[in-house]
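Undergrad: Sequence plus the predicted model coming up.
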Amino acid sequence: MPEPKIWQVLFVDDDSEFCESAKELEGEPVNDDGEQLHIETMTDFDDTLAALEKQRFDIIILDVRLTTGRVRQEDKGRDILESIKQKRFIPVIFYTAVPHLVQDLENQEKPLIRVVEKTETLSQVLKVIREILATGIPAINRALIRHLEVVQRDYMWGSVARHWEQYSDQSDYRALAYLLASRLAVSLSGPGIQQLAQDLGDPVGAAIVAGNVHPMQYYLLPPVDPSPLAGDLYQGKIGEQCGYWILLTPSCDMAHNKVEKALFALCEPLEEFDEYQHWSGSLPEPSNKEKKELEGLLTDNRRVSGGQPERYQYLPGALLVPDLVVDFQHLVALPRRELDTLERFASLDSPFAEALVCRFTRYFGRLGTPDLDTDYVLSQLSSKVTKIKVSEGSR
């Protein structure tokens with residue numbers, strides 16, 4: 001079995017005796033897996049900022065009454081927090097006698113910023129540490145940093161160092177940075193996500209390795225590109241209808257401001273579809289037919305009511321995105337200047353955004369033809385086969 005994790009906690013207080021008492025938290029178990037704390041203390045905030053440059057901590061605990069320059073008393077909490085944010089991401093616990101100076105910060109960013117009044121004992125601090133660790137954020141932070149460092153290590157030693165003669169011929173060494181950045185980007189899709197899932201003990205990791213994807217892999221939350229792109233998800237009111245919408249206008253047209261109106265398709269809640277209602281109404285033991293019909297809506301959509309192939313596209317629920325079904329028959333055009341009236345809250349990631357646009361193109365570009373008389377074709381084929389058998393039997 002692997003050794004239990006040791007979580008690194010930095011305790012900062014300009015009272016050295018208080019720092020010494022914080023050492024009581026050393027070795028304290030934080031969960032049922034036997035994971036413990038290692039406590040490092042500092043009394044100077046400037047030293048703390050320097051330490052954050054060199055060492056990695058999982059949580060930082062600090063007082064508000066620290067020397068941070070000529071800052072108004074009521075601004076000290078924000079000043080300290082902003083200084084930390086400039087260095088790196090790390091959950092913060094303010095352990096302070098003046099909690100009112102930072103209480104609003106906890107209200108805005110809980111559970112990653114917490115406030116404990118100094119009238120409370122260290123047992124309350126330990127309780128809050130456990131709550132932060134239980135969010136999984138410190139574990140995700142560790143796993144992601146470790147993953148990026150492993151990819152960088154393997155690439156630099158396994159490729160760059162080994163083939164330096166070829167790389168050294170490059171007049172622009174920034175090319176190496178582009179290559180490494182591309183490598184890191186690829187590593188965070190597919191194999192990288194699988195590895196992260198396994199490192200975090202994710203029970204869906206096996207399904208991901210088997211070739212499936214987690215619903216969260218569909219999305220970028222919030223959108224990364226500042227310009228609207230095809231596959232962006234919006235929420236708000238268009239005309240008289242309030243709901244969820246997905247942008248279908250080609251990304252290049254949106255980026256170059258070539259459109260006066262943006263084309264949207266309505267995204268209807270999955271719960272409103274008969275396939276879902278029949279399935280959920282028969283739980284806990286839905287029939288095979290009800291299960292197959294819902295699976296048809298969630299996958300190739302060829303068995304949904306109405307019988308039109310590719311009219312619908314299911315979008316799985318994940319965090320801010322509810323379970324939605326795009327209806328390519330329910331289209332609206334919104335003037336480009338009115339886009340700001342909607343909330344753009346997510347983007348479909350590649351290749352799901354491209355697949356959505358291709359599906360929409362196929363649906364509207366389809367050409368209807370009369371149905372083939374299959375009875376006649378089967379009759380003709382039957383006659384041919386019969387003649388062949390008769391001919392072979394007469395030989």
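TA: That came through, no problem.
Undergrad: Quick one: the strands in the stretch 51-200 of the chain, in order.
TA: 59-62, 92-96, 113-117 (DSSP state E, counting those that start in this stretch).
Undergrad: Could I get the buried residue list for the last one?
TA: When you say that, I think you mean strand 113-117. By neighbour count on 16 or more other C-beta atoms under 10 Å, the buried set for strand 113-117 is 113, 114, 115, 116. Quick note: C-beta positions are derived from backbone N, CA and C, even for glycine.
Undergrad: residue contacts, the first one?
TA: Residues touching residue 113, when contacts are defined by C-beta atoms under 8 Å, 6 or more residues apart in numbering, comprise 81, 91, 92, 93, 94, 102, 105, 106.
Undergrad: Same check on the last one?
TA: Counting by C-beta under 8 Å, 6+ apart, residue 116 touches 93, 94, 95, 96, 99, 124, 125, 128.
Undergrad: separation between it and residue 83?
TA: Going from residue 116 to residue 83 by C-beta to C-beta, to the nearest Å gives 20 Å.
Undergrad: returning to what we had before: what's the closest of the buried residues of strand 113-117 to residue 370?
TA: Among those, residue 113 lies closest to residue 370 (C-beta to C-beta), at 66.2 Å.
Undergrad: one step back: just among the contacts of residue 113, which is most surrounded?
TA: residue 94 (25 neighbours; other C-beta atoms under 10 Å).
Undergrad: right, and that residue touches residue 117 too?
TA: No: counting by C-beta atoms under 8 Å, residue 94 sits too far from residue 117 to count as a contact (9.3 Å).
Undergrad: Would you mind listing where this structure has pLDDT under the threshold?
TA: Along the chain, the model assigns pLDDT under 70 to residues 1-4, 66-77, 168-172, 189-211, 300-308, 366-369, 394-395.
Undergrad: can you list the domains in it?
TA: Domain assignment for the chain by automatic domain parsing gives 6-135, 158-212, 218-365.
Undergrad: Please tabulate the strands of the stretch 51-200 of the chain in CSV and include distance to residue 340 as additional columns.
TA: Below are the strands of the stretch 51-200 of the chain laid out as CSV (distance: least, C-beta to C-beta, whole Å):
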stretch, distance to residue 340
strand 59-62, 38
strand 92-96, 33
strand 113-117, 30
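Undergrad: And the strands in the stretch 201-350 of the chain?
TA: 219-220, 232-238, 241-247, 261-269, 312-315, 324-335, 343-348.
Undergrad: What strands line up against the longest one, and which way round?
TA: So the one you mean is strand 324-335. strand 261-269 (antiparallel), strand 312-315 (antiparallel) (DSSP bridges).
Undergrad: Tell me the gap between that strand and the middle of its chain.
TA: In terms of C-alpha atoms, centre = their mean, to the nearest Å, the centre of strand 324-335 is set 24 Å apart from its chain centre.
Undergrad: contact partners of that strand?
TA: By C-beta under 8 Å, 6+ apart, strand 324-335 touches 238-239, 241, 244-246, 248, 260-270, 273, 297, 310-315, 317, 342, 356, 359-360, 363-364.
Undergrad: can you rerun that using 6 Å?
TA: Strand 324-335 is contacted from outside by 238, 244, 246, 261-268, 270, 311-315, 360, 363, using C-beta atoms under 6 Å, 6 or more residues apart in numbering.
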